[in-house]
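A.B. asks: Sequence and predicted structure are below.
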Amino acid sequence: MRLADRQTGEAIVVVDSDGEKSIVVVGGANALLSAQDVADAMTVLRPQAGDVVLTSGEVPQPCLLAAAEVLPAEVWWIHDAAPTTALPARPRGLGPLLVVNAIEAQRLTGADEVTWAARSLAAQGRGAVVTLGGDGALVAEDGRVEHLTAPSVTVVDTTGAGDVFCGVLAAELSYGTPLSAAAATATAAGAFAVTALGARGALPRRRDLDRLLNR
């Protein structure tokens, strides 16, 4: 969809004096996406069992609800909750697999402890993956929480690491990889992504991930 009078959505990275990063999202055209636009797209795409649909909090909530209304239960629906908003749910019950960072997990649940937050979020959908930066990730599924360690790398720029994580997670699940193993590969991908400047400075290939995972 193209809008002649509205610019593309932007994410502006702000770094404080301590090196901590935050992101300001300017919705642009994303904010004008409608539920009908999504419904029309789903009519064309017609996702089937085994397919993966990845959404994010950067579009209006009605768009997420429109997607949920037509997604078969057999489709992997992954929702990246950044920026943190109310969580979407399928009208018929089971919500998506949620991907959040530790701060988002605690903000969404009110929990002081991130493991408890992961378990709470998983109970609302098909599971939850909480990214922990250099400490790896938590995978919560079926009442269990597993801690995945991240490969040790030299950090240059963390911009875009979450996007790489979600993209690789979606790809692995589309291959039929179990959630825990898919998240482990995504964790390696996120680690590789921080080794160069910019959001696209270090996009991993399969050989890069194999090297990190086999250390």
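C.D. replies: Cool, the structure landed.
A.B. asks: CA only for contacts and neighbour counts going forward, please
C.D. replies: Fine.
A.B. asks: Please, where are all the helices along this protein?
C.D. replies: 35-45, 61-70, 102-109, 114-122, 161-174, 179-193, 206-213 (DSSP state H).
A.B. asks: For the first one, give the mean pLDDT please.
C.D. replies: When pLDDT is averaged along helix 35-45, the result is 92.
A.B. asks: which other helices and strands contact it?
C.D. replies: helix 61-70 (3 or more C-alpha pairs under 8 Å, 6 or more residues apart in numbering; DSSP states H and E).
A.B. asks: could you say what helices and strands the helix it packs on packs with?
C.D. replies: helix 35-45.
A.B. asks: The helix it packs on versus helix 61-70: what angle between them?
C.D. replies: Calculated by axes from the mean of the first three to the mean of the last three C-alpha atoms, to 10 degrees, helix 35-45 forms an angle of 30 degrees with helix 61-70.
A.B. asks: With distance to residue 144 and mean neighbour count added, can I get the helices of the chain in JSON lines?
C.D. replies: Output for these, formatted as JSON lines (distance: least, C-alpha to C-alpha, whole Å; neighbours: other C-alpha atoms under 10 Å):
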{"stretch": "helix 35-45", "distance to residue 144": "33", "mean neighbour count": "13"}
{"stretch": "helix 61-70", "distance to residue 144": "25", "mean neighbour count": "18"}
{"stretch": "helix 102-109", "distance to residue 144": "16", "mean neighbour count": "19"}
{"stretch": "helix 114-122", "distance to residue 144": "7", "mean neighbour count": "23"}
{"stretch": "helix 161-174", "distance to residue 144": "19", "mean neighbour count": "21"}
{"stretch": "helix 179-193", "distance to residue 144": "11", "mean neighbour count": "26"}
{"stretch": "helix 206-213", "distance to residue 144": "23", "mean neighbour count": "14"}
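A.B. asks: Mind checking those for the one nearest to residue 14?
C.D. replies: helix 161-174 (15.3 Å; C-alpha to C-alpha).
A.B. asks: relative orientation of the closest one and helix 179-193 in degrees?
C.D. replies: Using the same axes, to 10 degrees: helix 161-174 against helix 179-193 is 140 degrees.
A.B. asks: ok, the residue nearest the centre of the chain - contacts?
C.D. replies: The residue lying closest to the centre of the chain (C-alpha atoms, centre = their mean) is residue 80, at 3.3 Å. Contact analysis of residue 80 by C-alpha atoms under 8 Å, 6 or more residues apart in numbering lists 54-57, 98-100, 166.
A.B. asks: tell me the pLDDT at the residue nearest to residue 82 when sequence neighbours are not counted?
C.D. replies: Distances taken as C-alpha to C-alpha, 6 or more residues apart in numbering put residue 57 closest to residue 82, at 5.3 Å, once the chain neighbours are dropped. If you check residue 57, the pLDDT there is 85.
A.B. asks: Could you do the one 10 residues further on as well?
C.D. replies: For residue 67, the pLDDT comes out at 88.
A.B. asks: quick one: the residue nearest to residue 82 from residue 75, how far?
C.D. replies: 19 Å (C-alpha to C-alpha, to the nearest Å).
A.B. asks: again with residue 6
C.D. replies: 32 Å.
A.B. asks: Of the two, which one has the most company?
C.D. replies: residue 75 (16 against 13; other C-alpha atoms under 10 Å).
A.B. asks: correct me, but that one touches residue 54?
C.D. replies: No - using C-alpha atoms under 8 Å, residue 75 makes no contact with residue 54, being 10.5 Å away.
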